[in-house]
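# this is a predicted model, with the sequence first.
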Amino acid sequence: MSKIAFVFPGQGAQYVGMAQDFYNNFSDVRDIFQQADERLGFGLSDIMFNGPADKLKETQYTQPAILLHSIIAMKKFMEEVSIKPEITAGHSLGEFSALVAANVLNLQNALYLVHKRGEFMVTANQGTPFKMAAIIGLSSEQVIEICQQSAKEKNGIVVPANFNTPTQTVISGEDFAVDKAKEIAKDMGAMKVIELSVGGPFHSPLIELAEQWLAKEMDNFQFNYANIPVVQNVNAMPSTEPLSIKENLKKQVVNPVQWVKSINYIIDNGVDTFIEFGPGKIVSGMIRRISRKATIMNVDKYQDIEKIKHNCCK
């Protein structure tokens, strides 16, 4: 029998109309949306369903939107397919979805925290010009060296932010230092260097204030023991203990997402099937580039549940 991991996407997966089919088809989902709007104090559902896209893309709205979609998709899947995952993980923001899946946080508190996280990650930079860029075709080790070289030459901050696949790493930092790193990457033979449209220099020391602010918010909420291990972004290791989970989550904002190591850990521990819950297939695409042997499924819309029902856990 397959060993299954539940995985969850981060920012960039959102689209106008996300989760609307679940809303249209299920009264309990409509109740969840109403509760979310009340908890957040604004109409998240309206932004998710009607946009505009530029507003949905704003980090403080994107983060709760993706989390809410992800958890609703998982909830409906589990109602129809009786399985229990062995382990869970989420990419950046998606780690909060994984914590809801593992009953560490309840949905309403997680929505509040990621809304605040989004606000903090944008405002913490305090006006420093920044950039983020994806470097494709070079190894993680090469990108680490590039960042170190650029930071030294330009006396600026640029760091790896997301280790997404063995040959795709996102960098983050001051604009001039990122520009220098992009130049070096091209000189070293990178296949592509893509500048990203983002609201802040995420997962970098430039938003250290966000870590402090979010830590204070987190300390107001109860974190429970996880009912399944959660592989955390900061160290690519599993945890079930509330205090260590919380401390790692606080650090996550200014440290790189160790996604390659996380997925390799999960696979090395016998998992062969991944189910991604939420909008898009970004995480699934990353996993395919990490392991060609893994079976990967997606639940974005309700119809996806019907498609995979008969292939899962026979």
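Done, it's in.
# now the end-to-end length of stretch 146-163.
For stretch 146-163, the first-to-last residue distance is 14 Å (C-alpha to C-alpha, to the nearest Å).
# in a strand, residue 274, correct?
Yes: counting by DSSP: H, G, I helix; E, B strand; the rest coil, residue 274 falls inside a strand.
# now do the one helix or strand residue 134 maps to: distance to the chain's middle.
Taking DSSP states H and E as the definition, one finds residue 134 inside strand 130-136. When distances are taken as C-alpha atoms, centre = their mean, to the nearest Å, strand 130-136 is centred 17 Å away from the chain's centroid.
# same check on stretch 237-244?
That offset, for stretch 237-244, works out to 18 Å (C-alpha atoms, centre = their mean).
# strands along the stretch 151-300 of the chain, start to end?
Assigned by DSSP state E, counting those that start in this stretch, the stretch 151-300 of the chain shows strands spanning 158-165, 168-174, 192-196, 230-231, 238-239, 273-277, 295-299.
# any idea which of those strands gets closest to residue 43?
Checking these against residue 43 by C-beta to C-beta gives strand 273-277 as the closest, at 23.2 Å. For the C-beta atoms, the positions are set from N, CA and C on the backbone; glycine is no exception.
# give me the mean pLDDT for that closest one.
If you average the pLDDT over strand 273-277, you get 97.
# now stretch 85-102
For stretch 85-102, the mean per-residue pLDDT is 99.
# all numbers from here: first residue = 32
Yes, from this point I'll number from 32; that puts the last item at stretch 116-133.
# report the buried residues of that stretch.
116-133 (16 or more other C-beta atoms under 10 Å).
# cool, stretch 90-98 as well?
Those would be 90-98, for stretch 90-98 by 16+ other C-beta under 10 Å.
# turn those residues into CSV, columns for distance to residue 303.
As requested, the buried residues of stretch 90-98 are exported to CSV (distance: C-beta to C-beta, whole Å):
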residue, distance to residue 303
90, 34
91, 37
92, 36
93, 31
94, 30
95, 32
96, 31
97, 26
98, 27
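# per-residue confidence for residue 342?
Looking at residue 342, its pLDDT reads 66.
# swap that for residue 156, sorry
For residue 156, pLDDT reads 89.
# kindly state the domain boundaries assigned to this structure.
Listed by automatic domain parsing, the domain ranges of the chain are 35-155+237-340, 161-230.
# ends of the last one, how far apart?
Using C-alpha to C-alpha, the end-to-end distance of domain 161-230 comes to 9 Å.
# avg pLDDT for that domain?
Rounded mean pLDDT across domain 161-230 is 98.
# how distant is it from the center of its chain?
Using C-alpha atoms, centre = their mean, the mean C-alpha position of domain 161-230 is found 19 Å from that of the whole chain.
# which residues sit against stretch 127-143?
Contact with stretch 127-143 is made by 37-39, 63, 66-67, 70-71, 75, 94-95, 97-99, 101-102, 105, 116, 119-121, 144-145, 148, 252, 254-262, 271, 273, 276, 280, 308-309, as judged by C-beta atoms under 8 Å, 6 or more residues apart in numbering.
# at 7 Å instead, please
With contact meaning C-beta atoms under 7 Å, 6 or more residues apart in numbering, stretch 127-143 is reached by 37, 39, 66-67, 70-71, 95, 98-99, 101-102, 105, 119-121, 144-145, 252, 254-255, 257-259, 261, 273, 276, 309.
# quick one: that stretch to chain centroid distance?
Centroid displacement of stretch 127-143 relative to its chain, using C-alpha atoms, centre = their mean, is 13 Å.
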